[in-house]
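A.B. asks: Any chance you could fold what I've pasted below:
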Amino acid sequence: MPDHPLYRGQRYYYDVCKPSLYRRSWTEEQKIERLLQIEDFKHILAENPEVKELKQASLFVNYLGLAQHYGIETEMLDMTNSPLVAAFFATTTYDSNTRMYHPVEDCVSVGCIYFDVLGPMINGANEGENRDIWPVGMEALRRPNEQRGYTIKLNENDNFNTIINHPKCFRFIQNRDWSYKIF
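C.D. replies: Next comes the predicted model:
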């Protein structure tokens, strides 16, 4: 577990904040295809020498968290223990065609950075309800490791804005100059 607060940066503030898996409806065929993608991803990743080493040492590999970083929709939301990484994601936009991030150019949207000490985020809104928070990328793959990533698992009807006991969300108007500085 991280020994620092966890953060989450978003380019936009959403009244309902959900993981990618729950942002659209799925046909039965799409559900099966997604499950096959995850299994295929696990199989490919299992061939990585560093992942093999981790498995031989009986260490945890967050396959769903890693799959999310490579375009597979999951029930996980990304978190980080770095406020600068959260600021990066809150002030950039991803271009799926070029597969690159770019600083936000507009100054009319509201971004946000969530933050809190770890305890309240682990506990759900209901007494005794625990959230799964796992490291992602402290393993073999470079990009998630550089993001000092963690994932929090949500259920289909969860809204990240309401599941944590003491939500703290710093909302801000996007600023082109600051986006470039952070980038």
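
A.B. asks: how far away is the closest residue to residue 45 other than its chain neighbours from residue 59?
C.D. replies: With CB to CB, 6 or more residues apart in numbering as the criterion, residue 45 has its nearest non-adjacent residue at 5.4 Å, and that residue is residue 51. C-beta coordinates here come from the backbone N, C-alpha and C atoms, glycine included. Applying CB to CB, to the nearest Å, the value for residue 51 to residue 59 is 10 Å.

A.B. asks: higher neighbour count, the two?
C.D. replies: Of the pair residue 51 and residue 59, residue 51 is the one with more neighbours under other CB atoms under 10 Å, namely 20 against 11.

A.B. asks: neighbours around the residue nearest to residue 176 when sequence neighbours are not counted, how many?
C.D. replies: Closest residue to residue 176 apart from its sequence neighbours, by CB to CB, 6+ apart: residue 105 at 5.7 Å. As a burial measure, residue 105 scores 10 neighbours (other CB under 10 Å).

A.B. asks: tell me the secondary structure for residue 39?
C.D. replies: Three-state assignment for residue 39 (DSSP: H, G, I helix; E, B strand; the rest coil): helix.

A.B. asks: re the thing from before, tell me which element the residue nearest to residue 45 falls in.
C.D. replies: Residue 51 is part of helix 49-56 when elements are defined by DSSP states H and E.

A.B. asks: Residue 80 - how many residues pack around it?
C.D. replies: Each residue near residue 80 was counted by other CB under 10 Å, and the total is 24.

A.B. asks: Now do the contacts for the nearest residue to it once chain neighbours are set aside.
C.D. replies: Of all residues not flanking residue 80 in the chain, residue 148 sits nearest, at 5.0 Å (CB to CB, 6+ apart). By CB atoms under 8 Å, 6 or more residues apart in numbering, the residues touching residue 148 are 80, 81, 82, 85, 137.

A.B. asks: How about the secondary structure of the fourth one?
C.D. replies: Secondary structure of residue 85, reduced to three states by three-state DSSP: helix.

A.B. asks: what sits against it?
C.D. replies: When contacts are counted by CB under 8 Å, 6+ apart, residue 85 touches 7, 9, 147, 148, 149.

A.B. asks: Would you mind measuring from the residue lying farthest from the centre of the chain to residue 43?
C.D. replies: Largest separation from the mean C-alpha position in the chain: residue 56, at 26.7 Å (CA atoms, centre = their mean). Residue 56 sits 17 Å away from residue 43 when distances are taken as CB to CB.
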